[in-house]
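J.: with the input below, show me the fold.
(chains A and B)
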Number of protein chains: 2
Amino acid sequence: MASMMAETVETLLKNKRYSSLRDVLSSMNEADIAVIFEEVENDSIPILFRLLPKDLAAAVFALMDSDDREMLIRGFSDSELKEVFDELYIDDAADIVEEMPANVVKRILRNTDPEMRHTINEILKYPEDSAGSLMTTDYISLRPKMTVSDAKKRIRRTIADAETAYTCFVTNDDRTLLGYLPIKDLLLAGEDERIEEIMDKTIICVHTHDDKEDVAREMSHYDFAAMPVVDDERRLVGIVTFDDAIDVMQDEVTEDIERMAAIAPNEESYFKTSDIKHARNRIVWLLVLMLSAAVTGAVLQRYEAACASVPILISFIPMLMSTGGNCGSQSSTMIIRGMSLEEIKLRDFFKVVWTELRVSVIIGVTLSVVNGIRIWIMNHDLTIALVVSLSVSGIVVVSQLIGCTLPMLAKRCKLDPAVMAAPLITTIVDAASILIYFTIAAKFFNIA
Amino acid sequence: MASMMAETVETLLKNKRYSSLRDVLSSMNEADIAVIFEEVENDSIPILFRLLPKDLAAAVFALMDSDDREMLIRGFSDSELKEVFDELYIDDAADIVEEMPANVVKRILRNTDPEMRHTINEILKYPEDSAGSLMTTDYISLRPKMTVSDAKKRIRRTIADAETAYTCFVTNDDRTLLGYLPIKDLLLAGEDERIEEIMDKTIICVHTHDDKEDVAREMSHYDFAAMPVVDDERRLVGIVTFDDAIDVMQDEVTEDIERMAAIAPNEESYFKTSDIKHARNRIVWLLVLMLSAAVTGAVLQRYEAACASVPILISFIPMLMSTGGNCGSQSSTMIIRGMSLEEIKLRDFFKVVWTELRVSVIIGVTLSVVNGIRIWIMNHDLTIALVVSLSVSGIVVVSQLIGCTLPMLAKRCKLDPAVMAAPLITTIVDAASILIYFTIAAKFFNIA
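T.: Numbering: from 1, shown residues only, chains lettered A, B, ... in the order given. This is a model prediction of the structure:
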């Protein structure tokens, strides 16, 4: 649909139908306009942007692609720049400043009002992946002794700036967090009740230096639309809103998935990444895995003589290696995902190993039987059927145990479990599979 | 921390310190109490549950493990059952009814008031993964001709039931959706302004039969805390709230990750799944992949003679197969994740193939050079170094092309791209790798 809209918009633009264009764009949601901006010619963006009403323009600006944003800023007059930044929410403004080159940052900060400049600088001081860097400082704060009617007056004065008005936070004069009050409860309360009587005193908050992934997890645990962020003295300094938490969760999942496929995590989207960067993100792990697979090769080399005397053995190598690899990655995937959803904890180590052992016996026996029968029927050779079947059982059990223990050991050593996943496990499992297979084959065929 | 609290709670319970227990629990958030309920002895749950204040008890009830919930319901008197269900949000009540056995459902419905019973039945009629089954019918609806002051009165009357009070939805008398109004704008407006003058008329909504994963994606696209759900006549029938959307997103990601590791998706958590179920979820794909790996084996068997005459060839098989497998799964992972984040669309097919081709050439050449030098140094055999190097280049390019095209073809055929991922691609890539390797080797060593 967006690409159809983009065509309509471009046609209107080419025919200079500016007032229809303004009507069409004004009726749309900022997220959809941002998608259209990605699809139209770059030259059209400044004209379209200037047709938008001021508040909608700022909302679209916050959602745009960062290259387009930089292009717009470079084309802005100082007063246009000030206008857009005055309308932005403070956390979006800080994010935008962070990604701009130094000379653009200077121009932005010169053209924002002193208070915003100060706040942006404060937010930029926090470490990149911290709650502080994610938060907004626009929130509604109330005092415990206020009456509901005072509170409503205060909210009407300050709410225009607040990105989200789901929850009010109650602090004392030195900004220590005392509790919170959903807007809903404020609307339900009598005008003369005091805030401290109706607020929820359960204090749940995160710290400015907490990792943003932990913040997102906490928010999802508590189903909070906004999470208060406090500093070392437990003073409220900002809030993180659910939309930013969702973005963090999505990024984290992408990172995990990429790591599990042996790709270095990358913040850029697929098409924005250069060829060299794509290659670099993948090549390091490929090299490591390629060289470590040479170990499997060396193990296999020890059995060259066996292969030469019983050549049929060679043809089962791919099947055994791939079964081992698949079992290992199934187990590791279950465990890694279970740990990141916090269904599996480190203290469950032995419970996990025991579960995987039982499951692997069921799987191993089933695969062995199916495989043994298939080989017997196709090759009419009971010995080779027996050797392969026994190997499958052994490989399944060992692979699942490697697959479940490595991610937990990684976590125990404070490494990212996803890094230890599929590819590295596959390499270890490959070598183990070859060893198991030829050890069993040696017994049956009397080869060394 | 939760397990420390669980111990404290159990100690207080053993010493019959009921009033302290009530104080401790009442000061906690429902999500944390639900975690404690998972950790304490099953026998303690009913006593603890009865110590909770009514509204907190209902909130905890909605978050509990479903087995524990069934146990509690079986122990409830009819009046207790009614009390808990009266406090529940309607979408939670419907979810709970859905998962209970038939005899428990009957008892629940007998003990809820007629209006709730009717609504639960309506929600349960929608298909399991639809917006209708996810929505709640408790929302704030306003009429366009109301003044702000009328609206506030109406809200005060109806808000206690509403799960979320972030946004009011404006409908006409036959419930057709006309627009929406954030609570924030309502608080800012003058008392005599009419709703139709201040509401946002951009209509963004989902349909009762839309897939819940699409609903979650739309909500994340628009950063909505609540998404209106309409029926075939565009009448507003409910809203989906952000917390439920986050859960859907998490489940979707788990499913994708499991599919990519060749595991049949499973709604239960790791430890709640029986051994047989664990085995069944993994065994189907393992069998398919094991049997398809036999194809690679058959390909390899054609080259038994070559292996026998140049035995050193065998030892590079694991390295070549694993490099191919890793390249293929890197590409497929990038494409699958890109598609599920909607960064990559089907119409980008040729752009993706062209990108992967360029990247694969860079990677292929690099790996070839490193590998060639290593083999030359270690084996002092220029021919084998050359054969393996050329094979690596060919395998990297072919694997990446297979890895990027298969998921897009799957999506084109309306199959889940994740199903076509890592393991299936690995199997195809394995066979291709063996073919490429021995074709090149045959040229250099004059073997057939």
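J.: buried ones in stretch A:436-448, by neighbour count?
T.: Judged by neighbour count using 16 or more other CB atoms under 10 Å in any protein chain shown, the buried positions of stretch A:436-448 are A:436-438, A:440-441, A:445, A:447. For every residue, glycine as well, the C-beta is placed using N, CA and C.
J.: that stretch vs chain B: in contact?
T.: No. Remark: stretch A:436-448 sits outside contact range of chain B, by CB under 8 Å from any CB of the partner chain, the gap being at least 11.6 Å.
J.: kindly export that stretch (C-alpha atoms) in PDB.
T.: The C-alpha trace of stretch A:436-448 is given here as PDB (Å, rounded to 0.1, in the frame of the first residue of the first chain):
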ATOM      1  CA  ILE A 436      32.400 -42.000  17.200                       C
ATOM      2  CA  TYR A 437      31.700 -43.300  13.700                       C
ATOM      3  CA  PHE A 438      35.200 -44.600  13.100                       C
ATOM      4  CA  THR A 439      35.700 -46.000  16.600                       C
ATOM      5  CA  ILE A 440      32.600 -48.100  16.100                       C
ATOM      6  CA  ALA A 441      33.500 -49.000  12.500                       C
ATOM      7  CA  ALA A 442      37.000 -50.100  13.600                       C
ATOM      8  CA  LYS A 443      35.500 -52.600  16.100                       C
ATOM      9  CA  PHE A 444      33.300 -54.200  13.500                       C
ATOM     10  CA  PHE A 445      35.700 -54.200  10.500                       C
ATOM     11  CA  ASN A 446      38.900 -54.900  12.400                       C
ATOM     12  CA  ILE A 447      40.600 -51.800  11.000                       C
ATOM     13  CA  ALA A 448      42.900 -49.400  12.800                       C
END
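J.: quick one on the thing from earlier: restricted to helices, list the buried residues of stretch A:436-448.
T.: A:436-438, A:440-441, A:445 (DSSP state H).
J.: secondary structure class for A:C168?
T.: Under DSSP: H, G, I helix; E, B strand; the rest coil, A:C168 falls in the strand class.
J.: count of neighbours near it?
T.: A:C168 has 25 neighbouring residues, counting by other CB atoms under 10 Å in any protein chain shown.
J.: pretty sure it sits against A:G179.
T.: No. Between A:C168 and A:G179 there is no contact under CB atoms under 8 Å: 9.7 Å.
J.: check which residues of stretch A:40-57 are buried.
T.: Neighbour-count burial for stretch A:40-57 flags A:40, A:44-45, A:48-49, A:51-52, A:56-57 (criterion: 16+ other CB under 10 Å).
J.: JSON lines for the ones in helices among the buried residues of stretch A:436-448, including pLDDT?
T.: Formatted as JSON lines, the entries for those read as follows, by pLDDT from 0 to 100:
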{"residue": "A:I436", "pLDDT": "94"}
{"residue": "A:Y437", "pLDDT": "93"}
{"residue": "A:F438", "pLDDT": "92"}
{"residue": "A:I440", "pLDDT": "92"}
{"residue": "A:A441", "pLDDT": "91"}
{"residue": "A:F445", "pLDDT": "83"}
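J.: from those residues, pick the one nearest B:A431.
T.: Using CB to CB, A:Y437 comes nearest to B:A431 of these, at 19.4 Å.
J.: ok, the closest one to A:T323 distance?
T.: Distance, A:Y437 to A:T323, by CB to CB, to the nearest Å: 11 Å.
J.: what does A:A262 give?
T.: 20 Å.
J.: just A:K212 next, same as before
T.: For A:K212, the distance to A:T323 - CB to CB - is 40 Å.
J.: what number of residues lie near A:D243?
T.: Neighbours of A:D243 under the rule other CB under 10 Å: 17.
J.: surely it is in contact with B:D223?
T.: Yes. Taking contacts as CB under 8 Å, A:D243 lies within contact range of B:D223: 3.9 Å.
J.: all strands of the stretch 1-150 of chain A, in order?
T.: Secondary structure of the stretch 1-150 of chain A (DSSP state E, counting those that start in this stretch): strands located at A:140-142.
J.: domain ranges for chain A, per the record?
T.: Per the record, chain A has its domains at A:2-125, A:140-251, A:270-445, by automatic domain parsing.
J.: ranking these by burial, who's on top?
T.: For the domains of chain A, average neighbour numbers computed from mean count of other CB atoms under 10 Å in any protein chain shown are highest in domain A:270-445, which has a mean of 20.
J.: chain B contacts on the stretch 101-250 of chain A?
T.: Taking CB under 8 Å from any CB as the measure of proximity, the stretch 101-250 of chain A contacts chain B at A:152, A:155-156, A:159-160, A:162, A:164-166, A:182-184, A:187-188, A:201-202, A:204, A:220-223, A:225, A:242-243, A:246, A:249-250.
J.: can we see that at 7 Å?
T.: When proximity is defined as CB under 7 Å from any CB of the partner chain, the stretch 101-250 of chain A approaches chain B at A:155-156, A:159-160, A:165-166, A:183-184, A:187-188, A:202, A:204, A:220-223, A:225, A:242-243, A:246, A:250.
J.: those in helices, which ones?
T.: Those of these lying in helices (DSSP H): A:155-156, A:183-184, A:187-188, A:220-222, A:242-243, A:246, A:250.
J.: so where's the stretch 151-300 of chain A shaky on pLDDT?
T.: Where the stretch 151-300 of chain A drops to pLDDT under 70, the residues are A:160-165.
J.: next up, the contacts around A:A293.
T.: A:427, A:430, B:318-319, B:322-323 (CB atoms under 7 Å, 6 or more residues apart in numbering or on different chains).
J.: if we go to 10 Å?
T.: A:423, A:426-427, A:430-431, B:316-323, B:325-326 (CB atoms under 10 Å, 6 or more residues apart in numbering or on different chains).
J.: ok, and the closest non-adjacent residue to it?
T.: B:M319 (3.9 Å; CB to CB, 6 or more residues apart in numbering or on different chains).
J.: wait, doesn't A:G372 sit right on A:L386?
T.: Yes. Contact criterion CB atoms under 10 Å: A:G372 and A:L386 qualify, at 6.9 Å.
J.: mind checking which of the domains of chain A is nearest B:T147?
T.: In terms of CB to CB, the element of those nearest to B:T147 is domain A:140-251, at 16.2 Å.
J.: that closest one spans what distance, first to last residue?
T.: Domain A:140-251 has an end-to-end distance of 28 Å (CA to CA, to the nearest Å).
J.: which residues does A:V170 contact?
T.: A:V170 makes contact with A:140-144, A:146, A:151, A:176-181, A:195-196, A:198-201, A:236, according to CB under 10 Å, 6+ apart.
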